[in-house]
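Visitor: The amino acid sequence is not available; the structure is as follows:
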């Protein structure tokens, strides 16, 4: 399954946040062998950007490892509101 995590960050924090989230994803890719992607909505709303982390073909239990990794960074203090986690199946693999 693929794991998607979305949340909002102050637009003013974009440069610092981008550096930190990229480091986190690089570390997770190296440690757990997952493919990652990072996305952000192009528009700003109320001074906030919506960001999305993508982790492809994750193993069972990866979400807990991800949350532990995030907790050891400054990322939670930069996120406005909560991180929303969703899973999706790749239907081309299921057919």
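Guide: Thanks, I have the structure now. Keep in mind it's a predicted model, so treat the numbers as computed, not measured. Numbering: from 1, shown residues only.
Visitor: what's the neighbour count on residue 48?
Guide: By the measure other CB atoms under 10 Å, the count of residues near residue 48 is 17. Quick note: C-beta positions are derived from backbone N, CA and C, even for glycine.
Visitor: need the contact list for it.
Guide: 8-11, 80 (CB atoms under 8 Å, 6 or more residues apart in numbering).
Visitor: try 6 Å this time
Guide: Neighbouring residues of residue 48 by CB atoms under 6 Å, 6 or more residues apart in numbering: 8, 80.
Visitor: Could you check how far residue 34 is from residue 2?
Guide: Between residue 34 and residue 2 the distance is 10 Å, computed by CB to CB, to the nearest Å.
Visitor: Am I right that residue 53 falls within a strand?
Guide: Yes: counting by DSSP: H, G, I helix; E, B strand; the rest coil, residue 53 is located in a strand.
Visitor: That one and residue 5 touch, don't they?
Guide: Yes: between residue 53 and residue 5 a contact is recorded at 4.4 Å, counting by CB atoms under 6 Å.
Visitor: quick one, which of these two is more surrounded?
Guide: Between residue 53 and residue 5, residue 53 has the larger neighbour count (other CB under 10 Å), namely 21 against 17.
Visitor: got the contact list for that one?
Guide: residue 5.
Visitor: redo that, cut-off 8 Å
Guide: By CB under 8 Å, 6+ apart, residue 53 lies in contact with 4-6, 21, 25, 36-38.
Visitor: Need the buried ones from those selected in PyMOL.
Guide: Per 16 or more other CB atoms under 10 Å, the buried members of these correspond to this PyMOL selection:
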select buried, resi 4+5+6+21+25+36
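Visitor: Tabulate the contacts of residue 53 in TSV, adding columns for secondary structure and distance to residue 73.
Guide: Shown next, in TSV, are the contacts of residue 53 (DSSP: H, G, I helix; E, B strand; the rest coil; distance: CB to CB, whole Å):
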residue	secondary structure	distance to residue 73
4	strand	19
5	strand	14
6	strand	17
21	helix	9
25	helix	11
36	strand	15
37	strand	19
38	strand	14
